[in-house]
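>>> one predicted model, sequence on top.
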Amino acid sequence: MNKKFLDLGYQPLANRYLKSYKKLSVKKNELYKLTVGFNTKTKLVSLIKRIPDKKMFDSSYPYKSSMSKTMVNSFKKLSIKIKKKFNPKRFLEIGSNDGALIKNFDKNKVVSVEPCSNLAKITKKKGYQTYDNYWNLSLAKKIKKKFNSVDVIYSANTLTHINDLDDVFKSINHVLAKNGVLIIEDPSFLECIKKTSYDQFYNEHIYVFSALAVKNIIKKYKLELFNIETLNTHGGSLRYYIKRTKNTIIRVNSSVNRQLSKEIKFGLNNFATYKQFSKQVLLSKEKLLNILKKIKDNNNKIIGYGATAKASTVLNYCNIDSDIIDYFVDTTPDKINRYMPGKNIKILPYNKKLMNKDTFIFLGAWNFKKEIFKKERAFIRKGGKFITHIPKPKII
Ligand code: DWN
């Protein structure tokens, strides 16, 4: 049973950055109620109202993984690990985005899937075999026919974006070799709750996984976890290593039970924990609005740094508009000179000169705080201040 615990109000599509400001409406299906539920049986956290995949991921999807050094480095390190540990003859990535990971692999060994054709075009151009399709059983059958089975399947921040999880795992089962390995990587719900990062929820993030939920879901497909790594990326993620239950060559290591115990101890199998989280979210909103209001009362400017999908949730949930945040800056070409989803806040190209010490910077990309603070050393040295809402709203 899916029990509702969080209501983030009406939200626009998170990655729709319009060229000019337009007031969106619920009636025209431009704003959607964003509510989150907890499945008491599987422990899976998911959005209650879903948007069709085709409405969210098309040929104008703006997000590019390569825009952050942190992700580029993380993918490089992972590619070395995969080659060393599993040495795949055939490697499949589901949701290859702009190729930040596959560029580290031999072209002849890679098959990639990316439904946003603008992104698929980038990897195709570099000579990678990329299918600009949604991941589903008919595509899995096509891939199996052409390449036979696949030794390693990898997917980061993608499976949580696909409505039909049953079809996702059936399709994986279809192409995964008998002794193959599936690796998935997504934000951890435990970290989300610890950091009150409610902005991990937006229409694209249909699910936020916990190890408890992943373990329960994959059982049906005769798959099991054999290793879990904790990562700092995207606000705290988990990398799940999965094998066929029948595969006795690979041993299940202690990291699996360690993570499951941690989650159980924190109360992730208990609905009361989720209700408590929703109270924290409300407090976070009130506190953030207080901070922003005080800054504006002193006639200071606030700039958003990183026009993220997460920031779209914050702006629309807290009702923050251009009377509070003057504009955002971002390095992604397809977001520049457009507007934050649902708001009259323009996105300008990133420029160091925009950052003077009387300006407060709201960290939209709080998950890249370390990378951004390194880049903005001079601003910090001059006394420049950042505002963050994670883990608690404050000025740094
Ligand atoms: O799951 C998803 C994640 C992986 O990426 C997608 N559904 C959508 C997207 O979510 P997001 O927009 O919240 O992701 P990021 O990775 O937090 O976005 C960072 C944004 O900040 C990008 O637009 C690039 C920008 N940026 C910048 O302008 N300067 C980032 C850094 C590090 C910088 O220095």
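Sure, I can see it.
>>> report the buried residues of the helix or strand of the chain with the lowest mean pLDDT.
When each helix and strand of the chain is scored by mean pLDDT, DSSP states H and E, helix 53-56 comes last, with a mean of 90. Of all the residues in helix 53-56, those buried under the rule 16 or more other Cβ atoms under 10 Å are Asp53, Met56. C-beta: built from backbone N, CA, C; applies to glycine.
>>> now the element after that helix, going C-ward?
Going down the chain from helix 53-56, the next helix or strand is helix 69-86, by DSSP states H and E.
>>> now do that following helix: which elements does it pack against?
Under the contact criterion of 3 or more Cβ pairs under 8 Å, 6 or more residues apart in numbering; DSSP states H and E, helix 69-86 touches strand 150-156, helix 369-375.
>>> if we use 10 Å, what do you get?
strand 91-94, strand 150-156, strand 176-187, strand 223-231, strand 237-244, helix 369-375 (3 or more Cβ pairs under 10 Å, 6 or more residues apart in numbering; DSSP states H and E).
>>> for Tyr128, which of the ones you listed is the nearest?
Closest to Tyr128 of the helices and strands packed on helix 69-86 is strand 91-94 (Cβ to Cβ; 9.2 Å).
>>> strand partners of that closest one, parallel vs antiparallel please.
strand 110-113 (parallel), strand 150-156 (parallel) (DSSP bridges).
>>> report the mean per-residue pLDDT for stretch 262-278.
For stretch 262-278, mean pLDDT is 98.
>>> buried ones in that stretch?
So for stretch 262-278, counting by 16+ other Cβ under 10 Å, buried means Glu263, Leu268, Tyr274, Phe277.
>>> isn't Glu204 right up against Pro341?
No - using Cβ atoms under 10 Å, Glu204 is not in contact with Pro341, being 11.3 Å away.
>>> compare those two (neighbour count), which wins?
Pro341 (26 against 19; other Cβ atoms under 10 Å).
>>> pLDDT score assigned to that one?
Pro341 carries a pLDDT score of 98 in this model.
>>> ok, Phe368 to the ligand distance?
4 Å (Cβ to the nearest ligand atom, to the nearest Å).
>>> rewinding a little: any shared contact partners between Glu204 and Pro341?
Taking Cβ atoms under 10 Å, 6 or more residues apart in numbering as the criterion, Glu204 and Pro341 both touch Leu13, Ala14, Asn15, Ala309.
>>> picking that back up, can I get the least confident helix or strand of the chain as CSV, trimmed to CA atoms?
Output of helix 53-56 as CSV, limited to C-alpha atoms (Å, rounded to 0.1, in the frame of the first residue of the first chain):
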residue,chain,number,x,y,z
ASP,A,53,8.1,9.6,-19.7
LYS,A,54,7.7,11.1,-23.2
LYS,A,55,6.6,14.5,-21.7
MET,A,56,9.8,14.7,-19.6
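>>> all helices of this protein, in order?
For the chain, the helices defined by DSSP state H occupy 53-56, 69-86, 117-125, 137-147, 165-175, 189-194, 211-219, 254-266, 271-297, 309-318, 369-375, 377-381.
>>> so what's Tyr327 up against?
Contacts for Tyr327 (Cβ under 10 Å, 6+ apart) come out as Lys301, Ile302, Ile303, Gly304, Ala307, Tyr339, Met340, Ile345, Lys346, Ile347, Leu348, Leu354.
>>> before we move on, what about Asp132?
Contacts of Asp132 by Cβ under 10 Å, 6+ apart are 59, 112-121, 123-124.
>>> what's the closest of those to Asp98?
Nearest to Asp98 among those, with distances taken as Cβ to Cβ, is Leu119, at 5.3 Å.
>>> now the closest residue to Tyr221 other than its chain neighbours: how far from Ser237?
The shortest distance from Tyr221 to any non-neighbouring residue, by Cβ to Cβ, 6 or more residues apart in numbering, is to Phe169 (4.4 Å). Separation of Phe169 from Ser237 (Cβ to Cβ, to the nearest Å): 20 Å.
>>> ditto for Lys144
The value you get for Lys144 to Ser237, if Cβ to Cβ is used, is 29 Å.
>>> with Asp199 instead?
Distance of Asp199 to Ser237, given as Cβ to Cβ: 15 Å.
>>> okay, the two: which has more neighbours?
Higher neighbour count among Asp199 and Ser237: Asp199, with 28 against 21, using other Cβ under 10 Å.
>>> tell me the contacts of Val281?
Counting by Cβ under 10 Å, 6+ apart, Val281 touches Phe5, Leu6, Asp7, Leu8, Val36, Ile193, Thr196, Ser197, Tyr198, Asp199, Phe201, Tyr317.
>>> could you rerun that using 8 Å?
Counting by Cβ atoms under 8 Å, 6 or more residues apart in numbering, Val281 touches Leu6, Leu8, Thr196, Tyr198.
>>> same check on Tyr134?
Asp53, Lys54, Phe57, Pro115, Ile162.
>>> from these, which two are the most distant?
Between any two of those, the greatest separation by Cβ to Cβ is 11.7 Å, found for Lys54 and Ile162.
>>> thinking again about what came up before, sort out for me which of the contacts of Val281 are in strands.
Per DSSP state E, strands hold the following members of those: Leu6, Leu8.
>>> what does the stretch 201-350 of the chain put close to the ligand?
Glu204, His234, Gly306, Ala307, Thr308, Ala309, Lys310, Asp330, Thr331, Thr332, Lys335, Tyr350 (Cβ under 6 Å from any ligand atom).
>>> let's see 5 Å
Contact residues (Cβ under 5 Å from any ligand atom) of the stretch 201-350 of the chain with the ligand: Glu204, Gly306, Thr308, Ala309, Lys310, Asp330, Thr331, Thr332.
>>> so how do I select the buried members of those residues in PyMOL?
Applied in PyMOL, the following selects the buried portion of those according to 16+ other Cβ under 10 Å:
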select buried, resi 204+306+308+309+310+330+332
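>>> can you give me the pLDDT of the residue of the chain positioned farthest from its centre?
What lies farthest from the middle of the chain is Asn298; by Cα atoms, centre = their mean that is 35.0 Å. Looking at Asn298, its pLDDT reads 94.
>>> cool, and Tyr327?
At Tyr327, the model reports a pLDDT of 96.
>>> number the residues from 397 up from this point.
Sounds good: first residue 397 from here, last item Tyr723.
>>> sounds good, over and out.
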